[in-house]
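give me the fold of what follows.
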Amino acid sequence: MEKVKQYINANKDRFLNELFELIRIPSISSISDHKPDMIKAAEHIKKTLLAAGADKAEVMPTEGNPVVYAEKMIDSSMPTILVYAHYDVMPVDPIEKWDIKPFEPVVKDGKIWARGSDDDKGQGFMHIKAFEAMVKTDSLPCNVKFMIEGEEEIGSANLPAWLEKNKSLLKADIILVSDTSMLAPDKPSITTGLRGLSYWEVEVTGPNRDLHSGIFGGAVANPINVLAKMIAKMVDDDGHITIPGFYDDVLVVTPEERKKMAEAPFNLDNYKKALDIKEVFGEKGYVTTERTGIRPTFDVCGIWGGYTGEGAKTVLPSKAFAKISSRLVPNQDNVKISKLFKEHFESIAPDYVKVNVEYLHGGQAYVCPIDTPAYRAAEKAYEEIYKKKPIPVRSGGSIPIVSEFERILGTKSILMGFGLEADAIHSPNENFPLEQFYNGINTIPYFYKYFSEMQK
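Okay, the predicted model is just below:
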């Protein structure tokens, strides 16, 4: 392992420059105009994996954006680790909130600033460079495969079909994922649970055209007003979601487990200060860390309609729209929840509007046991670099495809994240500490080492 460390140290500047090359490709999966950038990013990753030492790498088509697959097979009798990452990124809006150009990475205050610096180009790139360091120093103790997709930020809709077609190709002992975060730079943690997700777009239609708000106002329902009232009915004053049947299958965490979760360091005052809010809000009977880890949510992610340009326009709009999501917990089925939401939302619509609910994407929750060889190997790997035993935590975020890995491939995943809460993923000024980037590259080889030893 000393040779691996020396290689990483000797090449750290090159690693960073190569990451910047990838970041400069604006691979925004949700915007169709960036389709050429998706192909460009995939081809770039293929080239990088081959240079790192993969025996083969290819850009494999799906019904949407391609998947980059690569492998290095040392011996079929040895353990195989399958690395998952994604090369697509979130849109950059609102662009005026950025202090830099989102796709022109810079290093400032010890951090990489750019869209994708953390989620997930930075974290995914750590795996390629850790792999390279092991290959180039002849230290790789196992077989390694990569699948790096381009649709995670839009729900990985086409990846399950690709998984079904390539089951034998993807055969592995564990799937290794770095698309999550740690508690703090000095407090390593392993994500042992992810919430599921259901995501919809709703449309409320009133009159058949936009109307003059003076002539028709007060006589015809305003779809924006109606939509706002309907949304307000979805969550009560105690933060409880009002959809009938919504909580029927929620896995209730025992008092003992909640007590163990409370051991994770958390300072509510610092949390509020960092967000510049006076008080937190959430489901009654649960503390903040439980609300984001073990309880479901209902949130409006965007809402629009009518005139939003400069100045005034007295218009009563024909339509109003919203994008809405629910984070789900173990035992909640995203398909069932989506049906319950649609039925309930349509049922509370008054007769003077028409409502259409479109399901966009979603996925199931995921829980990783802490008594597996993969978890113990990850635990030991973090200890090597951070000199502290990592804390198991349940994340409020969702990676819908992780539960699909287990369903389709029959393979468990281990979630070794190196991001931080302050990295502003999905927001303006996304960043990733250089120390975390390099710590990740140094930690991953230890996982390979310990996991391989535990399989003997």
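
can you give me the helices for the chain?
Assigned by DSSP state H, the helices in the chain fall at 2-23, 35-52, 121-136, 159-165, 223-232, 255-261, 268-275, 288-291, 334-347, 373-386, 400-404, 434-454.

from residue 81, how far out is residue 274?
From residue 274 over to residue 81 the distance is 35 Å, taken as CB to CB, to the nearest Å. Quick note: C-beta positions are derived from backbone N, CA and C, even for glycine.

show me which of these two is the more surrounded one.
A direct count of neighbours by other CB atoms under 10 Å for residue 274 and residue 81 places residue 81 higher, at 26 against 11.

spit out the contact partners of the more buried one.
Contact partners of residue 81, counting by CB atoms under 8 Å, 6 or more residues apart in numbering, are 142-145, 172-176, 447-448, 451.

and which of those is nearest residue 214?
The nearest member of those to residue 214, counting by CB to CB, is residue 175 at 60.3 Å.

check contacts around the closest one.
Taking CB under 8 Å, 6+ apart as the test, what residue 175 contacts is 81-84, 402, 405, 409, 411-414.

switch the cut-off to 6 Å
Residues near residue 175 by CB atoms under 6 Å, 6 or more residues apart in numbering: 82, 84, 405, 411, 413.

measure how buried the last one is and give me the count.
Meaning residue 413. Using other CB under 10 Å, residue 413 has 23 neighbouring residues.

which residue, other than its chain neighbours, is closest to it?
residue 175 (4.2 Å; CB to CB, 6 or more residues apart in numbering).

partners of the one you found in the sheet?
For residue 175, the beta-bridge partners are residue 82, residue 413 (DSSP bridges).

about what we covered before: and the contacts of residue 175, which two are furthest apart?
The most widely separated members of those, counting by CB to CB, are 84 and 411 (10.3 Å).

and among the helices of the chain, the most buried is which?
Across the helices of the chain, averaging neighbours per residue (mean count of other CB atoms under 10 Å) puts helix 121-136 on top, at a mean of 25.

now it against helix 2-23, angle please.
Our comparison of helix 121-136 with helix 2-23, counting by axes from the mean of the first three to the mean of the last three CA atoms, to 10 degrees, yields an angle of 140 degrees.

ok, back up a step: and of the contacts of residue 81, the nearest to residue 61?
Using CB to CB, residue 145 comes nearest to residue 61 of the contacts of residue 81, at 18.2 Å.

residues touching that closest one, list them.
By CB under 6 Å, 6+ apart, the contact set of residue 145 is 71, 82.

how near is it to residue 154?
Remark: distance between residue 145 and residue 154 (CB to CB) = 24 Å.

what residue ranges in the stretch 101-250 of the chain score low on pLDDT?
The model of the stretch 101-250 of the chain has no residue with pLDDT under 70.

and the strands in it?
Secondary structure of the stretch 101-250 of the chain, counting by DSSP state E, counting those that start in this stretch: strands at 106-108, 111-113, 143-149, 174-177, 189-194, 196-205, 211-212.

distance to residue 72 added to those, as a markdown table?
Below are these laid out as a markdown table (distance: least, CB to CB, whole Å):
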| stretch | distance to residue 72 |
| --- | --- |
| strand 106-108 | 31 |
| strand 111-113 | 27 |
| strand 143-149 | 5 |
| strand 174-177 | 14 |
| strand 189-194 | 25 |
| strand 196-205 | 33 |
| strand 211-212 | 64 |
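
how close does residue 74 sit to residue 167?
For residue 74, the distance to residue 167 equals 21 Å [CB to CB].

more neighbours: which of the two?
residue 74 (15 against 12).

residue 307 against residue 315, yeah?
Yes. At 5.1 Å, residue 307 and residue 315 qualify as touching, with contact defined as CB atoms under 6 Å.

neighbour count winner among those two?
Neighbours around residue 307 and residue 315, counted as other CB under 10 Å, are more numerous at residue 315. The numbers are 16 against 13.

would you quantify the distance from the more buried one to residue 211?
Distance of residue 315 to residue 211, computed by CB to CB: 7 Å.

how about residue 432?
Residue 432 is 49 Å from residue 211, by CB to CB.

out of the contacts of residue 81, who's nearest residue 216?
Looking across the contacts of residue 81 and measuring by CB to CB, the closest to residue 216 is residue 175, at 56.8 Å.

tell me the contacts of the residue lying closest to residue 136 once chain neighbours are set aside?
In space, not counting the residues next to it along the chain, residue 136 is nearest to residue 7; the distance is 5.9 Å by CB to CB, 6+ apart. By CB under 6 Å, 6+ apart, the residues touching residue 7 are 133, 136-137.

again with residue 197
Going by CB under 6 Å, 6+ apart, residue 197 touches 362-363, 398, 400.

hang on, the earlier thing: out of the contacts of residue 175, grab the one that's most surrounded.
Tallying neighbours with other CB under 10 Å puts residue 84 at the head of the contacts of residue 175, with 26 neighbours.

you'd agree that one is up against residue 177?
Yes. With contact defined as CB under 6 Å, residue 84 counts as touching residue 177 (5.0 Å).

neighbours around residue 203, how many?
Residue 203 has 17 neighbours, counted by other CB under 10 Å.

my read: it touches residue 356, true?
Yes. Between residue 203 and residue 356 there is a contact under CB under 6 Å: 4.4 Å.

how far is stretch 258-265 from where the chain is centred?
23 Å (CA atoms, centre = their mean, to the nearest Å).

kindly check the end-to-end length of that stretch for me.
End-to-end distance for stretch 258-265, by CA to CA, to the nearest Å: 14 Å.

who's in contact with that stretch?
With CB under 6 Å, 6+ apart, stretch 258-265 has contacts from 187, 391, 393.
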